[in-house]
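Participant: this one's sequence-less:
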């Protein structure tokens, strides 16, 4: 539905982000970028996700002459500590145990750049996710069958992980990797 | 993943409910039932959705000899008034205008019945949905392209309607028609 003066690009390998843009009828191409993400002790989560989205944008800009580019980065924060993607299955089990019966926060930082106007927007969204108590058997079953290794926090809210979540406070789609409502209104303003 | 001693049935015509049960790996058959839903002035929303789920269960029980049956009913409540499915496109526009820039509540009542034990559970879930301000052009575009006539409240949180929603407080999947986390844990206890 939304019309652009130039090609729209999503610079992300996440199939979930591509699915979300399709859900709101956007036509776009995927840009492959490969950022080595660095985390600094003491950096605030808001700063981290906006910085990582901006760093991804610097790489993405090198790949296209003209276009509107979207980048994003999602992290999970528990007790003010950043939880990234699990290193292996044992790490996924450890992460899910730590999320059990607790509230964590999902931050997605994003950047939108329009090469025609040279305009850049960076912003973020934060959502609280309240997990019910999980037992070790269901955690292990989940890790063995659902392949959560490519997901920050080791779960997918859009898969079987749904049954772990009592409540979400804030933007749901932010937890999947893009704050659709906020992103869409920025896209309208920048196109 | 969850094993049952008998066949699981979903007595609902909603393709969204079927999709949600598949998301959490449940194997089930669809039961077709056709309840004429009645609404009574002054009845509390909680009472209404639980009653409608129970009435659907009475019809569903006539259709199967043995099994575990799920029924559900979802309504949208704004200013304590129940909003059902729109009658036509003009009604859908009117409903979306009324939801603009406001918080409404989605109630899903559900029933689970196990014919082997004769055990019946009825319960509900309530979720707050906060809409941003919508303009009349985007409301009309939405109604003309997204076919919201089969949805309580005239929008789908899982389609383009995502861009209308600033925040959700509570169970997200409840808004789609089934409170997955609550339902799944009841299913575990009743199978």
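Facilitator: Looks like it arrived, so ask away. Note that the structure is predicted; figures quoted are calculated from it, not measured.
Participant: Name the residues of the longest helix belonging to chain A that come out as buried.
Facilitator: Ranked by number of residues, the top helix in chain A under DSSP state H is helix A:45-61. The neighbour-count check on helix A:45-61 (16 or more other C-beta atoms under 10 Å in any protein chain shown) flags A:45, A:48-57, A:60-61 as buried. Every C-beta, even on glycine, is put in place using the N, C-alpha and C of the backbone.
Participant: and that helix, what's its mean pLDDT?
Facilitator: Taken as a whole, helix A:45-61 carries a mean pLDDT of 97.
Participant: Tell me how many other residues surround the residue lying closest to residue A:30 once chain neighbours are set aside.
Facilitator: Nearest-residue entry for residue A:30: residue A:10, 5.7 Å, with adjacent residues in sequence omitted and distances by C-beta to C-beta, 6 or more residues apart in numbering or on different chains. In terms of burial, residue A:10 registers 23 neighbours under the definition other C-beta atoms under 10 Å in any protein chain shown.
Participant: Beta-bridge partners for residue A:10, please?
Facilitator: residue A:30, residue A:70 (DSSP bridges).
Participant: dump the residue contacts of it.
Facilitator: Taking C-beta atoms under 8 Å, 6 or more residues apart in numbering or on different chains, we find residue A:10 in contact with A:17, A:18, A:21, A:28, A:29, A:30, A:31, A:69, A:70.
Participant: Leaving out chain neighbours, which residue sits closest to the fourth one?
Facilitator: The reference is to residue A:28. Residue nearest to residue A:28 in three dimensions, not counting chain neighbours: residue A:8, with 4.2 Å by C-beta to C-beta, 6+ apart.
Participant: wait, isn't that neighbour in contact with residue A:64?
Facilitator: No: the pair formed by residue A:8 and residue A:64 falls short of the contact definition of C-beta atoms under 8 Å, at 10.6 Å.
Participant: so what's residue A:37 closest to, chain neighbours aside?
Facilitator: Nearest to residue A:37 is residue A:52, by C-beta to C-beta, 6+ apart, at 5.8 Å.
Participant: what about the one you found, distance to residue A:150?
Facilitator: Using C-beta to C-beta, to the nearest Å, we find residue A:52 at a distance of 16 Å from residue A:150.
Participant: Which residue ranges of chain A form strands?
Facilitator: Per DSSP state E, chain A has strands spanning A:8-10, A:29-30, A:68-78, A:81-83, A:103-114, A:119-131, A:165-170. These are given in chain order.
Participant: What count of nearby residues applies to the nearest residue to residue A:50 once chain neighbours are set aside?
Facilitator: With C-beta to C-beta, 6+ apart as the criterion, residue A:50 has its nearest non-adjacent residue at 4.3 Å, and that residue is residue A:109. Residues near residue A:109, counting by other C-beta under 10 Å, number 25.
Participant: residues in contact with residue A:109?
Facilitator: Applying C-beta under 8 Å, 6+ apart, we find residue A:109 in contact with A:46, A:48-53, A:72-74, A:122-124.
Participant: Closest one to chain B out of these, please.
Facilitator: Out of those, the one with the shortest distance to chain B is residue A:123. That distance is 14.1 Å, counting by C-beta to the nearest C-beta.
Participant: you'd agree that closest one is up against residue A:108?
Facilitator: No: because the distance of 9.5 Å does not satisfy C-beta under 8 Å, residue A:123 is recorded as not touching residue A:108.
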